[in-house]
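Participant: All I have is the shape, not the residue letters:
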């Protein structure tokens, strides 16, 4: 069973190929460059190097968000197109879950992956791992960093924080949680596409036509348009 995993949900571009559970290829960059230009060439290059043709693929697994609106959309669009064209299952996995799982297997406690969402907001969730399975303690959400800290204080347990945006919020987390706040090393900040593939390998495929990204919130432009439209209707009355 050959599986292709794609993650473009943030600056990190990750592509991985699993062949009967073995990671035969993995490509990762963390660059502020256009995924729409780079993602498909990266897929093609990795598949060529692994001597795997598209018709040999059995499943497509994609990081479905949250994250960058444009980044999430690019990855999901590519994954849906490939799955539809090849007539194979499509599986979506939380981008935060991938990040948490990349480090959680080695930590005895809670894991809080995070992406910065600007203006003091973060995308995050809370996970707990064991050698055989993992538990979603708190669902993925968009929340103010201060509010998240208040929720975590009540746990009174060590919490591992991870993510490329961690330095933005590290001081706040450290001040509030003290020694209970554990920070992953920078070498672990990038979500691993091979972990994405492992998470999705046994999950059921989803309806391709109804598969949508998990943005968690509306993009800013859409929210502004709705607010302006609502105000315009009030003025008409």
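Facilitator: Perfect, thanks for sending it. Keep in mind it's a predicted model, so treat the numbers as computed, not measured.

Participant: quick one: average confidence on stretch 16-34?
Facilitator: Here stretch 16-34 scores 96 as its mean pLDDT.

Participant: Quick one: end-to-end length of it, please.
Facilitator: Taking CA to CA, to the nearest Å, stretch 16-34 runs 19 Å from one end to the other.

Participant: Check the offset of it from the chain's centre.
Facilitator: 14 Å (CA atoms, centre = their mean, to the nearest Å).

Participant: List the buried residues in that stretch.
Facilitator: 16, 17, 18, 23, 24, 25, 26, 28 (16 or more other CB atoms under 10 Å). Backbone N, C-alpha and C define where each C-beta goes, glycine included.

Participant: out of everything not next to it in sequence, what's closest to residue 135?
Facilitator: The shortest distance from residue 135 to any non-neighbouring residue, by CB to CB, 6 or more residues apart in numbering, is to residue 128 (4.8 Å).

Participant: I'd like to check what contacts the one helix or strand the one you found maps to. Which residues are they?
Facilitator: For residue 128, the element it lies in under DSSP states H and E is strand 121-129. The contact list for strand 121-129 (CB atoms under 8 Å, 6 or more residues apart in numbering) reads 66-67, 94, 96-97, 100-101, 104-105, 107, 109-117, 134-145, 148, 152, 159, 165, 169, 216.

Participant: now, which of these lie within helices?
Facilitator: Among these, the residues falling in helices (DSSP state H) are 96, 97, 100, 101, 104, 145, 148, 152, 169.
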